[in-house]
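[1] pasting a predicted model and its sequence here:
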Amino acid sequence: MLQWIARKMFGSRNARMLKKVQPLVTKINEYYVSYQNLTDEELKAKTPEFKARLQNGETTDDLMCEAFAVVKDACRRLKESSNPEENTVLVTGHPLRWDMIPFDVQLIGGIALHRGNIAEMATGEGKTLVATMPLYLNALTGRNVQLVTVNDYLARRDSEWMGHIFKWLGLTIGCIQNSMSPAQRREQYACDVTYGTNSEFGFDYLRDMGMANQRQDLVQRDYFYAIVDEIDSILIDEARTPLIIAGPAKVSTHMFDKVKPIVAELYHRQYQLMANLLQEAKATLADPESTAEAIDEAHLKIAKVQLGMPKHKQLMRLMEDPSVRKALDRKDIQLHDDNNRGYLQRVTETLFFNISERNNEADLSEKGRQFLRPGDADAFVIPDLPTIFNEIDTDQSLDEAAKLEKRKQAQMEYDQKSEIIHNISQLLRAYCLFEKDVHYVVQDNKVVIVDEFTGRPQPGRRFSEGLHQALEAKEGVKIERETQTLASITIQNYFRMYDKLAGMTGTAETEATEFKSIYNLDVVVIPTNQPCLRIDNNDRVFKTQREKYAALIEEIIDCNKRGQPVLVGTISVEVSELLSRLLSRRNIIHSVLNAKHHQSEAEIVARAGQFAAVTIATNMAGRGTDIKLGTGVKEVGGLHVIGSERHDSRRIDRQLRGRCARQGDPGSSRFYVSLEDNLMRLFGSDRLASIMERMGLEEGEELSHSMLSRTIQGAQKRVEQQHFATRKRTLEYDDVMNKQRSSIYELRRNILLTDDTRELLLNYIYTAVMERVENAFAACPKHETLDLAALKDWLARTIPIGFSPNTFSPADTPEALSQSIMNRIEEAYSIKEKMETPDALRWLERYVMLNALDNLYQEHLYAMDSLRQGVQLRSYGQRDPLVEYKQEAYILYASLMDAIKDEICSNIFRLSMVSPAQLEAAKAEANRNAARQKAGRISEIHENIQAFEGLDPSRPQNDAPPVRSTTLHREHPKVGRNDPCPCGSGKKYKTCCGR
Ligand code: ADP
Ligand code: MG
């Protein structure tokens with residue numbers, strides 16, 4: 001009932017809108033008639049005239065009727081011209097006679113598109129032509145307008161076809177193809193009108209915003225107005241997976257293979273040590289004579305094992321004893337007691353290393369260091385870089401060049417040592433916390449993660465932060481390079497950037513709510529030019545698929561005998577192939593297409609309307625291609641369309657039906673359904689099967705449609721809703737990213753486009769300083785002296801220049817103090833400027849800012865990836881993952897911003913290039929890096945990936961496994977046992993939810 005009311009209301013709203021535009025159509029046609037007196041030159045002169053009028057304050061709305069009339073009259077002139085240059089156009093290699101003048105319904109469609117609506121126009125109504133009018137009108141503004149198609153072939157076909165009219169009217173037209181170089185793409189975007197696919201547009205955006213190193217690298221110029229053809233396919237069917245650019249992680253400097261043997265040895269030593277401790281403890285506990293002291297000693301030994309190897313098999317077995325567990329909890333409290341500082345350290349010093357539960361990390365003890373590098377304990381101490389830099393800077397005996405050299409050396413040593421320490425730590429985690437055949441398996445020489453909940457291997461997924469590589473080293477298989485997301489965006493968020501978006505399709509009505517809520521697009525249903533003569537037959541429903549296919553083949557043969565062409569639509573390649581085999585057995589000549597070769601398939605589909613043709617195609621194959629009827633076909637009833645089953649979505653079924661009976665042609669359609677079809681099995685009601693049973697059908701017997709049509713529609717609606725929920729969920733997660741992405745890209749654009757990099761850079765430094773100074777003031781109660789230790793420490797670490805004590809004396813207001821610090825920084829910067837050529841320094845400034853932004857943003861994306869996976873686990877703990885995701889994403893973002901500023905501050909003073917030769921070398925290196933990225937190691941992904949893994953709400957929730965009590969290994973620090981419990985109870989975590 002509600003549905004019926006909604007439909008009625010929608011229907012009348014639509015009728016009102018159509019009535020309102022009628023006067024505009026009349027007006028367009030009046031202009032059209034008056035223009036017929038103009039010469040060609042005069043009509044062409046309208047383009048510059050309109051442009052000028054727009055410059056002088058008129059709007060595209062003001063010009064709409066005139067502009068549409070100009071396009072219409074240009075079409076007429078091309079059609080009536082006797083000059084083959086004008087009346088014929090070469091489209092994908094074939095000459096095509098121009099024979100179109102927009103019908104009135106097409107004008108209405110054009111108005112709807114100009115106003116940013118979705119025009120629903122049946123297949124064959126000529127949407128390609130409709131789009132030219134609003135594209136022409138909006139391109140007159142001088143901004144880039146775009147038409148989005150579902151594949152490269154259609155982009156080329158339509159741009160060549162419609163380009164004819166644009167060129168005649170003096171506009172330029174471009175077309176993006178997958179194979180194009182950045183330079184070629186830039187040329188296409190520079191045109192007035194650009195055709196291309198959604199993924200090309202989306203990836204170009206990601207490359208522009210995330211990877212361009214200089215202004216000249218950008219290819220796109222505008223996000224102004226786009227018309228999306230087959231908009232349901234693009235914004236609904238393809239919108240479940242985001243566009244992702246993935247690439248190898250930054251330079252791989254790992255030393256896993258080198259350090260592995262010695263770490264393995266270290267692990268065995270510790271293992272032995274643990275085994276001995278456990279042996280002794282067990283003996284004591286088993287001995288009834290043991291004193292309380294001895295027992296306590298035994299518990300301490302077990303606690304040591306817990307610190308040194310929490311996954312030790314024997315330990316696990318011991319822990320099954322509740323009394324041991326309790327004793328260990330007590331020991332744990334003692335060890336972490338703040339009143340007993342140093343105790344923990346004394347204990348860990350007896351081990352080679354300890355696995356810190358809190359940080360999920362492995363820490364080497366002095367004993368461990370001694371083992372790894374006897375006699376050189378410093379080998380594993382990370383140098384204190386700020387102090388060293390400070391020493392170098394204040395060393396009077398060194399000249400600037402020597403200082404530079406020394407700084408470089410210190411940095412290198414620092415990098416190397418931290419890498420080694422990180423590698424050792426990850427290897428220890430790999431050995432101690434990850435068990436083969438439990439947490440991962442080794443398949444085909446690869447380490448494959450095992451999903452904790454389902455127990456299924458997850459090929460292609462990797463642990464982050466080098467852990468996966470550590471496992472590869474541990475297992476002695478090839479150590480792969482890390483990959484990571486470099487940039488990603490959902491189709492939804494890409495298209496939401498446009499000032500104005502419009503779309504067209506044959507089938508939008510059923511999805512009108514989604515278009516409205518997500519894109520704020522209204523659907524306008526445009527009437528057909530000719531009344532539609534299509535006969536939609538009732539579905540034929542069978543019990544089994546076998547019976548269904550048999551009947552379907554008979555219907556094809558029947559049509560074929562009479563010469564009526566048949567187009568069979570399937571939902572999968574398998575079914576297409578099965579039907580093809582069945583037809584071959586009956587000697588029926590036919591063609592099969594499966595949406596792989598767009599151009600050749602388009603050509604085959606175009607012939608599907610010929611006398612006695614039989615064509616089998618998956619739903620996507622040949623979409624957007626017009627099927628014209630051959631001679632003698634009208635007389636036998638036109639094209640007959642058969643659906644081999646009902647699709648998940650009613651929209652796709654309508655799409656298939658719409659392939660016949662275009663522009664007043666005769667035509668018919670029928671769907672075949674069996675109760676074994678996925679849709680019916682999974683979503684049809686159970687009642688159905690029992691009714692069937694009771695009726696006791698004969699083999700091959702058919703069910704009446706009326707009884708079942710409800711069930712089928714109901715099933716389809718259920719699936720549609722589920723998919724809608726998935727898309728919404730994907731979008732909700734991406735919305736969080738989207739805000740961050742837009743601000744980062746905004747910053748990046750600023751850096752890329754600014755003419756004053758020095759100013760921008762100093763601004764960054766100033767903000768960073770100001771924030772720290774404000775923190776110092778905020779931490780200081782009134783009338784007390786400022787504690788500047790943290791500020792000074794930060795300065796020493798990030799800005800490696802000496803500060804004299806009186807820099808800090810004007811400590812009245814945050815502004816004064818910041819200014820004083822900035823003065824010193826600017827002074828140091830001026831000295832640096834004197835040493836470098838201005839060109840080099842300007843380049844360096846931009847480079848330092850971009851580099852900091854890119855590197856840290858990529859790391860941030862990496863962290864966001866793991867966060868997204870991590871929060872999913874929490875849905876089992878009855879918390880809303882989305883809420884948690886938002887909160888933590890915000891924190892991550894705030895620290896990203898801090899980190900970017902810090903990185904800029906420290907790098908600008910650390911990096912330098914004295915000679916022009918050095919500058920050239922650095923530029924070349926940056927370009928090489930960019931080229932390498934483009935040369936294929938970067939992959940663009942927009943299919944078959946579950947980037948938003950686990951977010952699929954269609955995954956039955958009641959199948960979710962019960963909450964498991966074992967520790968989950970996450971990639972970020974988890975709540976410490978003694979931390980306040982995140983549930984807000986106020987208790988310690990271990991005594992609350994962490995028990
Ligand atoms: P749609 O995209 O709406 O399915 P197309 O743009 O592919 O339809 O056009 C279908 C066919 O209709 C094409 O062969 C085209 O040449 C023809 N056509 C479109 N508009 C007109 C027109 N105004 N006059 C004559 N033929 C037209
Ligand atoms: Mg089309």
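    Alright, I've got the coordinates. Ligands and ions are numbered 1, 2, ... in the order given.

[2] pLDDT weak spots in the stretch 751-900 of the chain?
    Residues of the stretch 751-900 of the chain meeting the criterion pLDDT under 70: 783, 866, 869-870, 872-879.

[3] again, only using 80
    For the stretch 751-900 of the chain, applying pLDDT under 80 flags the ranges 780-787, 800, 809-812, 835-840, 858, 862-863, 865-880.

[4] show me where it has helices.
    Taking DSSP state H, counting those that start in this stretch, the helices of the stretch 751-900 of the chain run over residues 757-778, 789-798, 814-835, 838-874, 881-910.

[5] so can I have JSON lines of those helices showing distance to residue 55 and mean neighbour count?
    The C-beta positions use only the backbone N, C-alpha and C, and glycine is treated the same way. What follows is the helices of the stretch 751-900 of the chain, written out as JSON lines (distance: least, Cβ to Cβ, whole Å; neighbours: other Cβ atoms under 10 Å):
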{"stretch": "helix 757-778", "distance to residue 55": "32", "mean neighbour count": "18"}
{"stretch": "helix 789-798", "distance to residue 55": "49", "mean neighbour count": "17"}
{"stretch": "helix 814-835", "distance to residue 55": "43", "mean neighbour count": "16"}
{"stretch": "helix 838-874", "distance to residue 55": "34", "mean neighbour count": "19"}
{"stretch": "helix 881-910", "distance to residue 55": "40", "mean neighbour count": "18"}
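
[6] nearest to residue 284, of these?
    helix 838-874 (38.9 Å; Cβ to Cβ).

[7] who are the packing partners of the closest one?
    Using 3 or more Cβ pairs under 8 Å, 6 or more residues apart in numbering; DSSP states H and E, the elements in contact with helix 838-874 are helix 198-211, strand 483-489, helix 705-753, helix 757-778, helix 881-910, helix 916-932.

[8] tilt between that helix and helix 814-835?
    Helix 838-874 and helix 814-835 are oriented at 130 degrees to each other (axes from the mean of the first three to the mean of the last three Cα atoms, to 10 degrees).

[9] angle of helix 838-874 against helix 757-778?
    Going by the same axes, to 10 degrees, helix 838-874 makes 50 degrees with helix 757-778.

[10] helix 838-874 vs helix 705-753, what angle?
    Using the same axes, to 10 degrees, helix 838-874 lies at 150 degrees relative to helix 705-753.

[11] any idea how far helix 838-874 is from the chain center?
    16 Å (Cα atoms, centre = their mean, to the nearest Å).

[12] kindly report the same for stretch 403-423.
    35 Å.

[13] how about stretch 209-226?
    A distance of 18 Å separates the centroid of the chain from that of stretch 209-226, by Cα atoms, centre = their mean.

[14] that older thread, so for ligand 1, which of the helices and strands packed on helix 838-874 sits nearest?
    Closest to ligand 1 of these, according to Cβ to the nearest ligand atom: helix 198-211, at 16.7 Å.

[15] can you name the residues in contact with the closest one?
    Residues from elsewhere that reach helix 198-211 (Cβ atoms under 8 Å, 6 or more residues apart in numbering): 146, 148, 150, 152, 155, 176-178, 182, 185, 189, 217-220, 223, 226, 228, 234, 238, 243, 245, 486-489, 491, 494-495, 745, 748-749, 854, 857, 930, 933, 940, 942.

[16] export that helix as CSV, just CAs?
    Below are the C-alpha coordinates for helix 198-211, written out as CSV (Å, rounded to 0.1, in the frame of the first residue of the first chain):
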residue,chain,number,x,y,z
ASN,A,198,34.5,6.5,-14.4
SER,A,199,37.6,4.6,-13.4
GLU,A,200,39.8,6.6,-15.7
PHE,A,201,38.4,9.8,-14.2
GLY,A,202,38.7,8.5,-10.7
PHE,A,203,42.3,7.2,-11.1
ASP,A,204,43.4,10.4,-12.8
TYR,A,205,42.1,12.3,-9.8
LEU,A,206,44.0,10.1,-7.4
ARG,A,207,47.2,10.4,-9.4
ASP,A,208,46.8,14.1,-9.7
MET,A,209,46.1,14.8,-6.1
GLY,A,210,48.3,12.2,-4.5
MET,A,211,51.3,11.9,-6.8
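
[17] elements contacting the helix or strand that comes right after that helix?
    Per DSSP states H and E, the first helix or strand lying C-terminal to helix 198-211 is strand 225-229. Here strand 225-229 touches helix 127-139, strand 145-149, strand 500-505, going by 3+ Cβ pairs under 8 Å, 6+ apart.

[18] per-residue confidence at residue 980?
    What the model reports for residue 980 is a pLDDT of 48.

[19] which of the contacts of helix 198-211 are buried?
    With burial judged by 16 or more other Cβ atoms under 10 Å, the buried subset of the contacts of helix 198-211 is 146, 148, 150, 152, 155, 176-177, 182, 185, 189, 218-220, 223, 226, 228, 234, 238, 243, 245, 486-489, 491, 494-495, 745, 748, 854, 857, 930, 933, 940, 942.
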